[in-house]
Structures are given as structure tokens and as C-alpha cells.
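*Asks:* sequence first, then the predicted structure:
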Amino acid sequence: MSTRPHSQGLLAHLVAHRLRDLRRRRGLSIESLAARLSPSEPESMTARIRRLEQSPTRPDLELVGRIARLHDVPVASLLAHSTLEFACYVLLAQAPIHERVAVWRWLQTRLRHRDPGKVP
């Protein structure tokens, strides 16, 4: 059984989580981020950001790139797998997506408390 669709789903959730964390660390609401990205159409941009952060199925790479440039963050840092993430993929490849995301968030919380500088 192929794990590729599972990995893509998990990556979409991880990207959404990273983008949400990045936005919150910068002190931005979804609406204020949307206004910075698209001053002429903030409502439609708000909807795109919400979709990206709250119901990820496939990352909107164009939007991920724009958000990364706005925050001066390399896109690769939002899309790259860390060693810990790779271990999670191997261990949880067959688990339902909600279980994989829950485990990932738990591991990330543990790592954040143990070594704050290394959380992806």
C-alpha cells in the first residue's frame, strides 16, 4: 500500500501549522495578513488564508510563497521535512490523518519545551 497520499496530507497539515505559527509569532490576524498580501481584495485573500490554515488538503504553493516573502522566510523552511518529521512519517504512515497530526503536535510541543531553538 502506498503511503504517498498520506504523506501529502500530512505535509499539507504541517505547512498549515507552520504558517499559522509564523503569522501568530508576528502578531498578525488573518485579516491583517490578508490586507498586507492583497490590499485591493482583502476579503478574497482572507478566505484563501483561512482555507490554507484551517482545512488544508493541498498547500496553495503560490500563497505559501507570498507569505514566506512577506515574512522574509525561505519557502523551503516551510516545506522541508525535519528529521523528526521524517521519523513521524515512517512510524505513522498508515494511521488516519487526524491521529498523525495529533502525534506530530504532541511531539512538537515536547521538543519546544526541551529545546526551544530547534522546533521546526
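*Replies:* Yep, it's here. Residues are numbered from 1 along each chain as shown.
*Asks:* low-confidence stretches in the chain?
*Replies:* Applying pLDDT under 70 to the chain flags the ranges 1-8, 81-94, 114-120.
*Asks:* how far away is the spatially most central residue of it from P39?
*Replies:* The residue lying closest to the centre of the chain (CA atoms, centre = their mean) is V15, at 2.0 Å. V15 sits 25 Å away from P39, going by CB to CB, to the nearest Å. C-betas here are computed from N, CA, C, even on glycine.
*Asks:* tell me the buried residues in the longest helix along the chain?
*Replies:* Looking across the chain with DSSP state H, the single longest helix is helix 4-25. For helix 4-25, the neighbour count (16 or more other CB atoms under 10 Å) marks 6-7, 9-19, 22-23 as buried.
*Asks:* go through those and name the one nearest P59.
*Replies:* V15 (4.5 Å; CB to CB).
*Asks:* tell me what the longest helix of the chain is packed against?
*Replies:* Contacting helix 4-25 under the criterion 3 or more CB pairs under 8 Å, 6 or more residues apart in numbering; DSSP states H and E are the following elements: helix 42-54, helix 61-70, helix 75-79, helix 83-92, helix 97-114.
*Asks:* in CSV, list those helices along with distance to L28.
*Replies:* Compiled in CSV, the helices and strands packed on helix 4-25 are given as follows (distance: least, CB to CB, whole Å):
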stretch, distance to L28
helix 42-54, 10
helix 61-70, 9
helix 75-79, 16
helix 83-92, 25
helix 97-114, 20
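*Asks:* of those, which is nearest A35?
*Replies:* For A35, the closest of these is helix 42-54, at 4.5 Å, according to CB to CB.
*Asks:* tell me who's in contact with A16.
*Replies:* 52-54, 56, 59 (CB atoms under 8 Å, 6 or more residues apart in numbering).
*Asks:* run the last query once more with 6 Å
*Replies:* Shown in contact with A16 (CB atoms under 6 Å, 6 or more residues apart in numbering): 53, 56.
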